[in-house]
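K.L.:
Fold the stuff below for me.
(one chain, ligands or ions: 1)
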Amino acid sequence: METHATGQPGSTADEAPSIRGDEPGTLAWRVLHERHPKLLRQVAEGLPYGPEQRRALDELSSECADDGVLRPIEPDDAPDHTSWRRWEEWGRGHYGRRWTDVPFLWAESYFYRRLLAAVGYFGPGPWRGVDPFEPVKRAELAGEGVDAELAALDALEDLSEDERGAALVLSSLWGNRADLAFRVSARQGEVAGVGDEPALVRDLLVDDRDLVWKALRDGAPGRVCLVADNAGPELLPDLALVDHLLRSGLAAEVLLHVKPHPYFVSDATTADVLAGLRRLAAAPGAAAAVGARLWEAMGDGRLRIRAHGFSCAPLAYRDMPEEMRVEFAGASLTIFKGDLNYRRLVGDRAWPGTTPFAERTDYFPGPLVALRTLKSDVLVGVAGETLAALDATGPRWRSAGTHALISARV
Ligand SMILES: O=P(O)(O)OC[C@@]1(O)O[C@H](CO)[C@@H](O)[C@@H]1O
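P.N.:
Below is the predicted model of the structure:
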């Protein structure tokens, strides 16, 4: 039986204001008013939904574009962790207000729950369980660029174990740039290309890689939790990193946290992990060996998948349920991938960028590291002079995917 914290995001009084989508031109405003309607059109074009689903998608699109009034989730057959009753609890104080009046993180999570309801994902009908984002996920995974990325794994075989680990952490980090939602509205040229190591390190605002290896090497090989983000081209480097952790003995076991249902367009589900394993296994060279080792590791329990309901809740990790807290507490390291997980980890609020990462994660029960390319405004743990220099270039650096961080608390 899954339990859920019932707290509202950010429960202490001395916190910075929640990020909201109420300021035209800000990222949050653009996501709610522009990206979401665009995404709904993409979903409607991606699968041959019938008139009922299309009508529901159109209604949701109009609500978003017109900053409509938030209404409760209609009763459907969703499992308890995301049932309409659960949303009654989470929506307390938000229903009846406008999309821009409530915390951005809550509004996004609610949007994706409404989207799944609109396409019948939780219905009793024929669309139950059909991932509305599968067409774009499949296209991303089949892309030619993926062949080249997988072929690059061959070159890593010539490196030392430490060099290979360092390369895989960077590929996992920058693989986060591939997020589909991000691509939907990222203008050409804002998304930095995949460069060589100096470029990939030059744009790191925080580089705690040494702490990561320290956490992994202190003591006997233990449990590593990887809280995944996106499917497709981002998940493949994550799986290669998981393989390295097991193969090198840095981890005795890996718990891979994915989402129990489709979420935020590209967030990975169990089905996406299997698609990634098959993509690896079907590739030539080292990639196939990675796929085979991971398949075996799943079979013998060294690699286990977690798809906990909380992973799709509109809450900060500060409110994580006890069973999740216990699991993270027993890990030698928990790796959080991506922008959304970072926002939930530190709290999606307008913190001063110099706020210590350790302060914002003081509730977390074990050593952790965030691997994140910046796609949204929330940011902590960055030196004041670095912030001043980047802010002098304008606001876009915070969400263009051109900068990243490896922030650890061990
Ligand atoms: O977790 P990811 O996939 O890295 O980024 C997802 C995300 O943070 O990016 C968007 C802002 O650009 C938000 O709408 C969304 O929450």
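K.L.:
if I've got this straight, residue 95 is in a strand?
P.N.:
No - going by DSSP: H, G, I helix; E, B strand; the rest coil, the assignment for residue 95 is coil, not a strand.
K.L.:
Which elements pack onto the host helix or strand of residue 370?
P.N.:
Here residue 370, judged by DSSP states H and E, is contained in strand 368-373. Using 3 or more CB pairs under 8 Å, 6 or more residues apart in numbering; DSSP states H and E, the elements in contact with strand 368-373 are helix 161-175, helix 209-217, strand 331-337, helix 339-346, strand 404-409. Every residue, glycine included, has its C-beta placed from N, CA and C.
K.L.:
7 Å instead, please
P.N.:
When contacts are defined as 3 or more CB pairs under 7 Å, 6 or more residues apart in numbering; DSSP states H and E, strand 368-373 packs onto helix 161-175, strand 331-337, helix 339-346, strand 404-409.
K.L.:
What residues sit buried inside the next helix or strand after it?
P.N.:
In the C-terminal direction, the helix or strand that comes right after strand 368-373 (DSSP H and E) is helix 384-391. Along helix 384-391, these residues count as buried under the neighbour rule (16 or more other CB atoms under 10 Å): 387, 390.
K.L.:
Name the residues that touch the strand holding residue 370?
P.N.:
Under the contact criterion CB atoms under 7 Å, 6 or more residues apart in numbering, strand 368-373 has outside partners 172-174, 176-177, 208, 212, 333-339, 342, 345, 361, 401, 404-409.
K.L.:
Only whichever of the residues you listed are buried, select them in PyMOL.
P.N.:
The following PyMOL line selects those of the contacts of strand 368-373 that are buried, judged by 16+ other CB under 10 Å:
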select buried, resi 172+173+174+176+177+208+212+333+334+335+336+337+338+339+342+345+361+401+404+405+406+407+408+409
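K.L.:
Within reach of the ligand, which of the contacts of strand 368-373 are there?
P.N.:
176, 338-339 (CB under 6 Å from any ligand atom).
K.L.:
ok, of the helices and strands packed on strand 368-373, where does mean pLDDT dip lowest?
P.N.:
Here these differ in mean pLDDT, and the lowest is helix 161-175 at a mean of 91.
K.L.:
which stretches of the stretch 201-350 of the chain form strands?
P.N.:
Under the criterion DSSP state E, counting those that start in this stretch, strands of the stretch 201-350 of the chain are mapped to 204-207, 222-227, 251-257, 303-306, 331-337.
K.L.:
Give me whichever of those is most buried.
P.N.:
Highest mean neighbour count among the strands of the stretch 201-350 of the chain (mean count of other CB atoms under 10 Å): strand 331-337, with a mean of 25.
K.L.:
okay, now residue 248: neighbour count?
P.N.:
14 (other CB atoms under 10 Å).
K.L.:
ok, now which ones touch it?
P.N.:
Residue 248 neighbours (CB under 7 Å, 6+ apart): 161, 165.
K.L.:
pLDDT at residue 12, what is it?
P.N.:
45.
K.L.:
nearest residue to the residue sitting nearest the centre point of the chain other than its sequence neighbours?
P.N.:
Nearest to the mean C-alpha position of the chain, by CA atoms, centre = their mean, lies residue 229 at 3.0 Å. Once flanking residues are discounted, residue 229 sits nearest to residue 338: 2.9 Å by CB to CB, 6 or more residues apart in numbering.
K.L.:
can you pull the contacts of that neighbour?
P.N.:
Contacts of residue 338 by CB under 7 Å, 6+ apart are 176, 229-230, 372.
K.L.:
need the residues of the stretch 201-350 of the chain near the ligand, please.
P.N.:
So far as CB under 6 Å from any ligand atom goes, the stretch 201-350 of the chain lies against the ligand at 229-230, 264, 338-340, 343.
K.L.:
can you pull the buried residues of stretch 68-87?
P.N.:
So for stretch 68-87, counting by 16+ other CB under 10 Å, buried means 70, 73, 76, 78, 81-84, 86-87.
K.L.:
Oops, could you answer that again for stretch 263-283 instead?
P.N.:
263-269, 272-273, 275-277, 279-280, 283.
K.L.:
ok, now stretch 129-148?
P.N.:
131-134, 136-138, 140-141, 146.
K.L.:
same check, this time on stretch 365-377
P.N.:
So for stretch 365-377, counting by 16+ other CB under 10 Å, buried means 366-377.
K.L.:
Could you confirm whether stretch 368-378 reaches the ligand?
P.N.:
Yes - Stretch 368-378 lies within reach of the ligand by CB under 6 Å from any ligand atom, at 375-376.
K.L.:
Only alpha carbons, please: show that stretch as CSV.
P.N.:
Provided in CSV are the C-alpha atoms of stretch 368-378 (Å, rounded to 0.1, in the frame of the first residue of the first chain):
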residue,chain,number,x,y,z
LEU,A,368,22.8,12.8,-3.0
VAL,A,369,23.8,14.4,-6.3
ALA,A,370,21.7,16.4,-8.8
LEU,A,371,22.7,16.1,-12.5
ARG,A,372,20.8,18.9,-14.2
THR,A,373,20.8,21.0,-17.3
LEU,A,374,19.1,24.3,-16.5
LYS,A,375,15.6,24.5,-18.2
SER,A,376,13.8,26.6,-15.5
ASP,A,377,14.5,29.5,-13.2
VAL,A,378,15.0,27.8,-9.8
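K.L.:
so who does the nearest residue to residue 329 once chain neighbours are set aside touch?
P.N.:
Nearest non-adjacent residue to residue 329, counting by CB to CB, 6+ apart: residue 365, 3.7 Å away. By CB under 7 Å, 6+ apart, the residues touching residue 365 are 325, 328-329.
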